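[1] What follows is a protein structure lacking sequence information:
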């Protein structure tokens with residue numbers, strides 16, 4: 001097993017482009033080369049919704065290591081090796097966010113993948129002293145109402161992928177407020 005590349009965070013900065021806010025995290029590799037990672041500010045809220053996370057440090061750690069994940073998990077995937085697969089049948093697929101029976105299963109599989117990336121491919125670390133990621137930690141942009149809506153969207157999407165249509169059609173909130181006619 002080879003040693004992972006180490007990237008030290010140089011700076012984190014909030015930027016805007018075409019009316020959208022995004023974070024830019026700049027890292028320096030051990031060979032001195034610079035590497036940028038830009039992601040929408042809502043990414044923190046989405047990861048919290050997708051995986052049921054509440055710790056901003058863990059959310060950031062996941063986001064900063066996701067670019068080093070393989071495009072698609074395979075049978076040699078860290079989650080598959082740990083038994084986190086979709087069934088007990090031979091050739092079962094590794095659990096992912098979209099085929100997991102639960103948020104807890106999706107999180108367990110994703111944590112294993114991120115852990116493997118940090119051991120074998122890349123580790124993103126803060127420099128000694130002042131941590132540039134504190135800029136993001138001070139304003140993670142996770143708002144409870146938006147988070148709840150995103151969690152509902154993720155859960156609904158996962159249900160539809162696994163089981164098909166919802167057992168009860170979605171009702172618009174405005175329809176619930178109308179009084180039925182006599």
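    Received, thanks. Please read these numbers as outputs of a predicted model, since none were measured by experiment. Numbering: from 1, shown residues only.

[2] quick one: what helix or strand has residue 8 in it?
    strand 5-17 (DSSP states H and E).

[3] Now that strand: buried residues?
    5, 7-9, 12 (16 or more other Cβ atoms under 10 Å). Heads up, the C-betas are built off the backbone N, CA and C, glycines and all.

[4] list the contacts for residue 73?
    Counting by Cβ atoms under 8 Å, 6 or more residues apart in numbering, residue 73 touches 79-80, 93-94, 96, 109, 113.

[5] What about those residues, which one has the most neighbours?
    Greatest neighbour count in the contacts of residue 73, by other Cβ atoms under 10 Å, goes to residue 109: 25 neighbours.

[6] Give me the distance between the two termini of stretch 86-99.
    Using Cα to Cα, to the nearest Å, the span of stretch 86-99 from its first residue to its last is 7 Å.

[7] ok, residues contacting it?
    Applying Cβ under 8 Å, 6+ apart, the contact partners of stretch 86-99 are 50-51, 73-75, 77, 79-80, 84-85, 105-106, 108-110, 154, 157-158, 161-162.

[8] on that earlier part again, mind giving me the packing neighbours of the strand holding residue 8?
    Here strand 5-17 touches strand 20-29, strand 34-40, strand 122-125, helix 134-138, going by 3 or more Cβ pairs under 8 Å, 6 or more residues apart in numbering; DSSP states H and E.

[9] Residue 55 is nearest to which of the ones you listed?
    helix 134-138 (10.5 Å; Cβ to Cβ).

[10] coming back round to it: could you pick out the buried ones from the contacts of stretch 86-99?
    50-51, 73, 77, 79-80, 84-85, 105-106, 108-110, 154, 158.

[11] before we move on, back to that, give me the subset of the contacts of residue 73 lying in helices.
    If you go by DSSP state H, those have 79-80, 109, 113 in helices.

[12] what's the spacing between residue 125 and residue 29?
    From residue 125 across to residue 29, the span is 11 Å (Cβ to Cβ, to the nearest Å).

[13] Find residues that contact each of these two.
    With Cβ under 8 Å, 6+ apart as the test, residue 125 and residue 29 both reach 6-7.

[14] re earlier: which one among the buried residues of strand 5-17 gets closest to residue 65?
    residue 7 (9.8 Å).

[15] who touches the residue nearest to that closest one when sequence neighbours are not counted in this structure?
    In space, residue 7 comes closest to residue 27 once its chain neighbours are excluded; the distance is 3.8 Å by Cβ to Cβ, 6 or more residues apart in numbering. Residue 27 is in contact with 7-10, 34-37, 124, counting by Cβ under 8 Å, 6+ apart.
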